[in-house]
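> fold the stuff below for me.
(one chain, ligands or ions: 1)
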Amino acid sequence: MHDPGPAIEIRSLTKRYGRTTGVEDIDISVGTGEVFGFLGPNGAGKTTTIRCLVGLLRPTSGSVRLLGHDPVDGHRQVAPRLGYVPGELRFYPELTGARTLGLLAALQGAPSPRRAELCERLGLTAADLARTVGEYSRGMKQKLGLVQALQHDPELVVLDEPTEGLDPLVQETFYELLAEAAAAGRTVLLSSHVLPEVQRTCGRVAIVRQGRLVTVQSVAELRRARARRVRLAFADGQGERPLPGADRWPPRWTGNRAELLVPPDEVVDALRGLLALPVADLTVEEAGLDEAFLDLYRSPVEKT
Ligand SMILES: Nc1ncnc2c1ncn2[C@@H]1O[C@H](COP(=O)(O)OP(=O)(O)OP(=O)(O)O)[C@@H](O)[C@H]1O
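Numbers count the residues shown, from 1 in each chain. Okay, the predicted model is just below:
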């Protein structure tokens, strides 16, 4: 079978804004059909990377390829196959929602077979679409942003914090749309601060910090490699008490229950000490991505 190659290829990408470094030496490859998360604290370089990727910024050095093309030189080939939700949506305020979608479809250079269905599912009514975008609420603009990104059913969708401003019901619809896109073999790059969202929707994630790539891992790997959450309940009513190893694994107490985060290779050690106490109940589970993520946020960035 023909190998479509990576949908996104970012090689040694560096972007400077004058003396400020946006990103430095980023390498990321996203395979066709992946739902890929892009995480990092404020100012880490996510938007810079994405703007280079979709051709809105020129890299200072390094290269990016989208669906096998340079995003600027290959714009005509890429536009009909790419959906993009920018982090800061800017529409012409005097145009109606319907005109806006039509204008953006013309720029995409592709028909919009999914427009009506997406408007309906995201709750943009005909009356909404007849109003000018200047009158839209933030959430309505965000919905319009999603409709325009998906209306031509593109092979590749790049989303820069797409759920900002969406209410929980609409967010659910968005997750359904993502799951459907994944099932249909579409490629998705999702930049987000919402960790449960990434945990739920993405297979692999890249984490950037201070303009550098910290790690690229699968969500499962990231969770496995990071802390285990140990929960203990004590049989007596004494409540808080000194625990062995509290300096290494500081406990959080709720009445008679303690919760500690322990690195995987120290769990057996921790349990040996803890089980000498009158423990009534004990569970050990993988920590969520949020703990793994915070850990990586704090870990030092290696300079090469
Ligand atoms: N137009 C610009 N001019 C100068 N510096 C910029 C510009 N845009 C971004 N930067 C700088 O580049 C770095 C990366 O910013 P970027 O917006 O890519 O981060 P981000 O990860 O998207 O952050 P956030 O999560 O806050 O949206 C920051 O230090 C930022 O100040």
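
> who does the nearest residue to S191 once chain neighbours are set aside form a beta bridge with?
Among residues not flanking S191 along the chain, F38 sits closest, at 4.2 Å (Cβ to Cβ, 6 or more residues apart in numbering). For every residue, glycine as well, the C-beta is placed using N, CA and C. For F38, the beta-bridge partners are S191, A206 (DSSP bridges).

> in this structure F38 contacts V205, no?
Yes. Using Cβ atoms under 8 Å, F38 is in contact with V205, at 7.2 Å.

> how about low-confidence regions in the stretch 1-150 of the chain?
1-4 (pLDDT under 70).

> got the residues of it near the ligand?
17, 20, 22, 40, 42-48, 87 (Cβ under 6 Å from any ligand atom).

> recalculate using a threshold of 8 Å.
Counting by Cβ under 8 Å from any ligand atom, the residues of the stretch 1-150 of the chain close to the ligand are 15, 17-18, 20-23, 40-51, 87.

> P6: neighbouring residues, count only.
Close neighbours of P6, defined as other Cβ atoms under 10 Å, add up to 18.

> what's the nearest residue to it if we skip its chain neighbours?
S29 (4.6 Å).

> quick one: secondary structure of that neighbour?
strand (DSSP: H, G, I helix; E, B strand; the rest coil).

> next one: it from E9, what distance?
5 Å (Cβ to Cβ, to the nearest Å).

> what does R212 give?
For R212, the distance to E9 - Cβ to Cβ - is 18 Å.

> kindly report the same for V198.
21 Å.

> more neighbours: these two, which one.
Taking other Cβ under 10 Å, V198 and E9 do not tie; V198 has more neighbours (23 against 17).

> that one sits in which helix or strand?
In this assignment (DSSP states H and E), V198 forms part of helix 195-201.

> tell me what that helix is packed against?
Where contact means 3 or more Cβ pairs under 8 Å, 6 or more residues apart in numbering; DSSP states H and E, helix 195-201 is packed against strand 35-39, helix 168-183, strand 187-191, helix 289-298.

> can you rerun that using 7 Å?
Judged by 3 or more Cβ pairs under 7 Å, 6 or more residues apart in numbering; DSSP states H and E, the packing partners of helix 195-201 are strand 35-39, helix 168-183, helix 289-298.

> list the buried ones in that helix?
For helix 195-201, a neighbour-count test (16 or more other Cβ atoms under 10 Å) marks 195, 197-199, 201 as buried.

> can you put the residues you listed in JSON lines and add distance to the ligand and pLDDT?
Below are these laid out as JSON lines (distance: Cβ to the nearest ligand atom, whole Å; pLDDT from 0 to 100):
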{"residue": "L195", "distance to the ligand": "13", "pLDDT": "77"}
{"residue": "E197", "distance to the ligand": "14", "pLDDT": "84"}
{"residue": "V198", "distance to the ligand": "13", "pLDDT": "87"}
{"residue": "Q199", "distance to the ligand": "18", "pLDDT": "83"}
{"residue": "T201", "distance to the ligand": "18", "pLDDT": "89"}
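
> closest one of those residues to D247?
Lowest distance from D247 to the buried residues of helix 195-201 (Cβ to Cβ) belongs to L195, with 27.7 Å.

> spatially nearest residue to D290 (excluding sequence neighbours)?
Closest to D290 by Cβ to Cβ, 6+ apart is L195, at 4.5 Å.
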